[in-house]
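Peer 1: when you get a sec, could you give me coordinates for this:
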Amino acid sequence: MVNDMAEPPEADLDRLFHALSSSTRRAILRRLTERDYTVGELAEPFAMSIAAVSKHVEVLSSAGLVDKRHQGRTTLCHVKAATLADAAHVLDYYRDFWQQRLDNLEGFLKEPSE
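Peer 2: Prediction:
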């Protein structure tokens, strides 16, 4: 079966889904959809050090989910929505795949039995 869905190279997808596998990183991304934050601001709601949050931000950045820019001694983080769209495309493909199978099963189950 040929996959007609355009997707990033496998290594990029692996990094993307690895980054999204952490609830802490997903929470960081959710906050970044509100506005840009410094790493220190991102660390505030978590019971972890700024260094630990910085490592999470680095994973997100390596996956292409976050842009970082330095302003003096602070690092400002910005979410990259286009990369999230890549994940959505992959998930949409599998949602459509399973929806088709479930629709087929429903049709089969509704057929009168002999």
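
Peer 1: which parts of the protein are helices?
Peer 2: Counting by DSSP state H, the segments of the chain that form helices are 10-20, 23-32, 39-43, 50-62, 81-110.

Peer 1: next, the buried residues of the second one.
Peer 2: By 16 or more other Cβ atoms under 10 Å, the buried positions in helix 23-32 come out as 25, 28-29, 32. C-beta coordinates here come from the backbone N, C-alpha and C atoms, glycine included.

Peer 1: one more: the last one?
Peer 2: For helix 81-110, a neighbour-count test (16+ other Cβ under 10 Å) marks 83-84, 86-87 as buried.

Peer 1: flag the shaky bits of this protein, pLDDT-wise.
Peer 2: Low-confidence segments of the chain, defined by pLDDT under 70, span residues 1-8, 114.

Peer 1: distance of the residue nearest the centre of the chain relative to residue 67?
Peer 2: Centroid-nearest residue in the chain: residue 20, 4.5 Å away (criterion: Cα atoms, centre = their mean). Between residue 20 and residue 67 the computed distance is 17 Å (Cβ to Cβ, to the nearest Å).

Peer 1: ditto for residue 50
Peer 2: Distance from residue 50 to residue 67, by Cβ to Cβ: 19 Å.

Peer 1: residue 40 - nearest residue in space that isn't next to it in sequence?
Peer 2: In space, residue 40 comes closest to residue 50 once its chain neighbours are excluded; the distance is 5.5 Å by Cβ to Cβ, 6 or more residues apart in numbering.

Peer 1: OK, contacts around the one you found?
Peer 2: 39-40, 43 (Cβ atoms under 8 Å, 6 or more residues apart in numbering).

Peer 1: flag every buried residue along stretch 67-85.
Peer 2: Residues 75, 77, 79-80, 83-84 are the ones in stretch 67-85 that count as buried (16+ other Cβ under 10 Å).

Peer 1: got the CA positions of it in CSV?
Peer 2: Once side chains and other backbone atoms are set aside, the C-alpha atoms of stretch 67-85 remain, and they are given as CSV (Å, rounded to 0.1, in the frame of the first residue of the first chain):
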residue,chain,number,x,y,z
ASP,A,67,11.7,28.2,18.7
LYS,A,68,14.1,29.7,21.2
ARG,A,69,15.7,33.2,21.0
HIS,A,70,18.1,34.7,23.4
GLN,A,71,17.5,38.2,24.9
GLY,A,72,20.4,39.0,27.0
ARG,A,73,20.5,36.4,29.8
THR,A,74,17.0,35.1,29.2
THR,A,75,15.7,32.6,26.6
LEU,A,76,12.3,33.4,25.1
CYS,A,77,10.3,30.4,23.8
HIS,A,78,7.7,30.4,21.0
VAL,A,79,5.6,27.5,19.8
LYS,A,80,5.9,26.5,16.2
ALA,A,81,2.4,25.5,15.2
ALA,A,82,3.4,24.1,11.8
THR,A,83,5.2,21.2,13.4
LEU,A,84,2.2,20.4,15.5
ALA,A,85,0.3,20.2,12.2
